[in-house]
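**Student:** take a look and give me a structure for this.
(3 chains)
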Amino acid sequence: MSIVFSPSLRCQLPIVLLLLQVVLITIFALFVSYDDQPSAAFLTNVTKESNNDLDALFPFFKDVQLMLFVGLGLLLCFLKYYGFGGMAFNFLIANISIQWALIVQGLLYHYNNGKIHINLENVMNAEFAAATSLISAGAVLGRSSPVQLLMLSLVETPLFVLNEWLINSYFHVLDVGGTVTIHIFSCYFGLGISRILYRPELRAGHSKISTTNTSDFFSLLGTVLLWIYWPSFNSIQAKHNVAQHRAILNTFLALSSSTLTTFAVSSLLDKRGRVSLVHLQNAVLAGGVAVGASADMMITPAGAFGLGCAGALSCILGFQYMSPFLDEKLKVQDQCGIHNLHGIPGILGTVGSILAILFGRVDFGGQISIDLPKPNYSTEDMFRAVESKGAWDTTSQALNQTAALGVTFGVSLFGGYLTGLLLKLPCLFHPSGEMCFDDQSYFKLPTDSSAKWEPEPQQQRELVIPLKSV
Amino acid sequence: MSIVFSPSLRCQLPIVLLLLQVVLITIFALFVSYDDQPSAAFLTNVTKESNNDLDALFPFFKDVQLMLFVGLGLLLCFLKYYGFGGMAFNFLIANISIQWALIVQGLLYHYNNGKIHINLENVMNAEFAAATSLISAGAVLGRSSPVQLLMLSLVETPLFVLNEWLINSYFHVLDVGGTVTIHIFSCYFGLGISRILYRPELRAGHSKISTTNTSDFFSLLGTVLLWIYWPSFNSIQAKHNVAQHRAILNTFLALSSSTLTTFAVSSLLDKRGRVSLVHLQNAVLAGGVAVGASADMMITPAGAFGLGCAGALSCILGFQYMSPFLDEKLKVQDQCGIHNLHGIPGILGTVGSILAILFGRVDFGGQISIDLPKPNYSTEDMFRAVESKGAWDTTSQALNQTAALGVTFGVSLFGGYLTGLLLKLPCLFHPSGEMCFDDQSYFKLPTDSSAKWEPEPQQQRELVIPLKSV
Amino acid sequence: MSIVFSPSLRCQLPIVLLLLQVVLITIFALFVSYDDQPSAAFLTNVTKESNNDLDALFPFFKDVQLMLFVGLGLLLCFLKYYGFGGMAFNFLIANISIQWALIVQGLLYHYNNGKIHINLENVMNAEFAAATSLISAGAVLGRSSPVQLLMLSLVETPLFVLNEWLINSYFHVLDVGGTVTIHIFSCYFGLGISRILYRPELRAGHSKISTTNTSDFFSLLGTVLLWIYWPSFNSIQAKHNVAQHRAILNTFLALSSSTLTTFAVSSLLDKRGRVSLVHLQNAVLAGGVAVGASADMMITPAGAFGLGCAGALSCILGFQYMSPFLDEKLKVQDQCGIHNLHGIPGILGTVGSILAILFGRVDFGGQISIDLPKPNYSTEDMFRAVESKGAWDTTSQALNQTAALGVTFGVSLFGGYLTGLLLKLPCLFHPSGEMCFDDQSYFKLPTDSSAKWEPEPQQQRELVIPLKSV
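**Tutor:** Numbering: from 1, shown residues only, chains lettered A, B, ... in the order given. As a prediction, this is how the structure comes out:
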């Protein structure tokens, strides 16, 4: 038996990463070039407007970076023995996904003269794609090796791009905050994978699935950071300043009402009136997910408020009743509760956007305001253009929203299921039960670590010997 | 005795929150609407300038959010067993205060045609109001239940709005950083409450009032974050770009000199030359409070420097000599030392602003530069307008500043005193001594928590049985 | 023996700080004044453009503040018993350096009519100078008293300003991200000091040089924050919007490829395939250092990618092979590994910039794009101006880059060596071996601290008795 080709972590992670690095750098060298904006060649015919793109874009870019790398990274740190895994693998997978998405999205949208032309906006769109992989990975947090997560990212990224292209091109979905394209997609993709990587022994619990005050506190800190920058996230794609203002305002109101609802409902469900930290870490964000699809529409402040309440309520009820059901009946283990934070509030939000489209013409003198996310013209332009042609009506848009939800649901669940089968291939390193939820499997930890677990001699061998079955 | 109506946490927190949620959503549905800026109706006559409002406002908005939810949240986490209480209740009360302030300020300033018209700027002003409640709550940190804090916020918010309106309308107070309106007000309101909620048994100390390295470190991290974004806080209300630049610069200089003074004086006061963590967590920010009232004036760099030194010095001396005096002689327990960070440096800063107004005409060719915070015209406009009319003179403005300080002092102390009586009503849940400073009373904590305290059976009963007396 | 004049911490830190405070405030009072931008006097002839300076500058200013005070502060917190030392002394030294640099840089660049004229941009440039001191201090982290660090800052700041002026004036170095001026300079200055403050007993290790999961996690969090804002850092000095866009993009790509390389190589070097936390905390940033000198040039995306890979690789190899060599052969102890993060990748980056200058004319129709950092005209202006005059050619610029590297290397190493001798003067407080790497020497810690070390009676005396020799 050759050690070199055994699917051990010792060999797989560095080899796969180095290989990927070489492939990526080759593609970049051969096919990737600066877009006009950061390029000197464009300088002679550069206009005032294109210059300003950077000023408008860069603050949002930084907010998204903070959300992905710090906010989400901290949120995933709630496990006692898997803090570095949560933070550092989030960091690694995010970077792989961004580089890969730059190429995939570049080929689809920015390819001409034999080159992919990139600028900062492309990087930001790639970060949206990365968010998808990171959310999906939450479903199997601590139960999958970095090599598996890397594979997940390599498969999910093009599928995300494909699905986004599909529902934008065919259904002209209105979804400024990515409720359908990002949250629904990543949730059901992750659940599909989780179904395949099901570990029956986890049903009885796992000795390392526990939290400490400090790990829970870090996670809560991540939640608060995500909460603060969520209005940025939901408003980036709103092209017009007025729609952007509205998206920020609606998202803030939804998040704020989510917070009250979370404290109220979580406290109500405990017989001693205490608030659950899991609810706190998740449900206060549910309003941001729920309002995503309609954040730039004229849903009224009360509408945003209501979506926030409903989102938080559905998220907490999901943790209370849906997660056990998924685990026991459908054999889907959802480590971070992504179904409760992204799935259920996402469906709710899509329904909300449909209602807003159907009944939204009542405010401010009968004008509806909706934004097509991608094109440069604003909702109002679209509305006027479309009204004059008579081609657009609320009913068909509502149907389109529904279709986009259905297509995304199908693509992601099926894609996740197939990806799960890929991740389970015996040639990929799959952590044994003992290695799960433990930083020691992947990181050189301080000797006086609070983690007391030490691999048994037999388990230590597993680290360099191929696993026949999972 | 009916359990349902007993003033236990089990019933009170969720019921009061749900009730509040329903009331707020009803008010929003009936009376709150978008302002012109985020509204599509305004789109036809939207101007370039109004579009730019968002770009100018949004970065400051995010800074304030970071200060309130992360900076202040972390700062309040210094207690060993009350980290979640510090962070999460800060988060809850902030959100309640913002929603409530949106309505109260909206009724006063943005009500027409039967609707309150809101935009992002209103939310930011509501966050200033929220800051007031959060600072006041620091005086009774860990000693009051979330229901009491909620009541505090519901009473303090309108009183803050009233006081601000009063001293702006009648005294045209110059206070760009909210030294009087926010810091002085919240400090004495909090002390008033603390006087009523006095617990004599705490004088001998409390077994749970202690810190750990980690909790103190989180608190210090919060301090540094507040320190970084304080220049934003002090410059938001400066309408003119030049005054804003000056406010940022002066605030930075004051904070920077505060930092040196803190290390120097704290080290000087210890017989082994060590720096106190409490001083570090608070006094480095005192310069930001002290310079607040005059940050946009021509106080010269050395003036800002001096205010920073004086602020930090007064803050440390406050911790050393004033806090024990307040506790022992005046029966005012000040858990977070808000009197030392907000009260004393605030008074100092108001005196500084008076001196700057009286003697400020010496720099740069005899021009004084002061900003009226609220109106859209800048200090210089005001100065010119006022000079030509001859209506404005430095002496009367100095008297106005003094009057504003006096009125705020009276309103806040008296208001806090009355609010304290309200919070002590037997129908409100008031934590027993054993429950104080302990997350376990309010949160479901990890089982292997570092908190070893477990409620005795008798105490557990207290959780569902009304407390006759405090 | 007089206690008052003994070089004990008890006396030295507060006395030196208070003295410094008085000196600084006097200088500020006598010589420092507002620049035109924040000054009211300028208001009459203020132009739209100058107003916009603040809007362009302030976001970058805040990013740099976050990097210095939180990012770097946290990064330095990896030691188990020296978390407050890492964070708080970083905070103190940063502030001293900024105030001092404001004066030194002001005298050199902004002095006229007997006054130094400052604005926010000056503060930001002073923060760059402060970064130098903070990086250098990393080499002797925990082994030097705050008084020594303060002296370090007082000497290094003017030397940094002098060296920067030298290589800008004489060699017109192209170094938008400060690879030569900041990273190389601070690294070899710090190593020079470390050589003199060599402690042979540390070669066998020190009982307090250890980390915990929590301290390592805080440090990693600092790394991620630095990583996020590094594109800001590298692009601030790019004056033209196009060059700035390019600098952001290149820096992001370099950092992102650094991250992959770090995981791959670190995992490859461990026999069980685990990732080292030290590598993770440092090498993911090496790409930002390496790309600094050429971030605004047309190095192509693949070039940025390659620099990132090479930077991370060199950093990890440095930790693996160079640091032991420095310690054992050259008697240079490098506590934070600044040579691996700033030195080696810095040299690599300078070589990269030379190659970019020599071979950079191939992209986008043969146009090269390079930016002179300081002057207000952009690279392209310079390029055109210079081409027409025929005065500028790539070879001489490449030689200039090399000369700037050589000069900086010499000045910093020699300067650091001399400064080390100064720091070792018996009149300065130098911590005993027992006091090293321990917060208890400098801070009043919580009683139930995780730090179990208590000074022996004999050591306690050391705290107030002069140390004759080190």
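**Student:** which strands and helices lie in contact with the helix or strand hosting residue A:303?
**Tutor:** Using DSSP states H and E, residue A:303 sits in helix A:300-317. Judged by 3 or more CB pairs under 8 Å, 6 or more residues apart in numbering or on different chains; DSSP states H and E, helix A:300-317 is in contact with helix A:241-269, helix A:277-290, helix A:344-359, helix B:9-31, strand B:32-34. C-beta: built from backbone N, CA, C; applies to glycine.
**Student:** could I get the buried residue list for the following helix or strand past that helix?
**Tutor:** Later in the chain than helix A:300-317, the nearest helix or strand by DSSP H and E is helix A:323-329. By 16 or more other CB atoms under 10 Å in any protein chain shown, the buried positions in helix A:323-329 come out as A:323, A:326, A:327.
**Student:** so who does the first one touch?
**Tutor:** Each residue near residue A:323 by CB atoms under 8 Å, 6 or more residues apart in numbering or on different chains is listed here: A:334, A:337, A:339, A:340.
**Student:** ok, now with 6 Å
**Tutor:** By CB atoms under 6 Å, 6 or more residues apart in numbering or on different chains, the contact set of residue A:323 is residue A:334.
**Student:** tell me the spacing between it and chain B.
**Tutor:** 16 Å (CB to the nearest CB, to the nearest Å).
**Student:** kindly report the same for the last one.
**Tutor:** Here the criterion is CB to the nearest CB. By it, residue A:327 lies 20 Å from chain B.
**Student:** neighbours of the residue nearest to that residue when sequence neighbours are not counted, just the number please.
**Tutor:** Closest residue to residue A:327 apart from its sequence neighbours, by CB to CB, 6 or more residues apart in numbering or on different chains: residue A:333 at 5.5 Å. Other residues lying near residue A:333 total 20 when counted by other CB atoms under 10 Å in any protein chain shown.
**Student:** likewise for residue A:330?
**Tutor:** Neighbours around residue A:330, by other CB under 10 Å: 12.
**Student:** measure it to chain C for me?
**Tutor:** 34 Å.
**Student:** list phi and psi for that residue.
**Tutor:** When read as degrees, to the nearest 10, the backbone of residue A:330 gives phi -100, psi 0.
**Student:** next one: residue A:111
**Tutor:** Per degrees, to the nearest 10, the backbone of residue A:111 is at phi -100, psi 120.
**Student:** same check, this time on residue A:212
**Tutor:** phi -120, psi 170.
**Student:** could you tell me how many residues sit around it?
**Tutor:** Residue A:212 has 22 neighbours, counted by other CB under 10 Å.
**Student:** the closest residue to it other than its chain neighbours: how many residues sit nearby?
**Tutor:** Residue nearest to residue A:212 in three dimensions, not counting chain neighbours: residue A:80, with 5.0 Å by CB to CB, 6+ apart. For residue A:80, the neighbour count with other CB under 10 Å is 22.
**Student:** doesn't residue A:215 make contact with residue A:80?
**Tutor:** Yes - applying CB atoms under 6 Å as the test, residue A:80 and residue A:215 come out as touching, 5.4 Å apart.
**Student:** low-confidence ranges in chain A?
**Tutor:** A:1-10, A:40-52, A:239, A:360-392, A:447-470 (pLDDT under 70).
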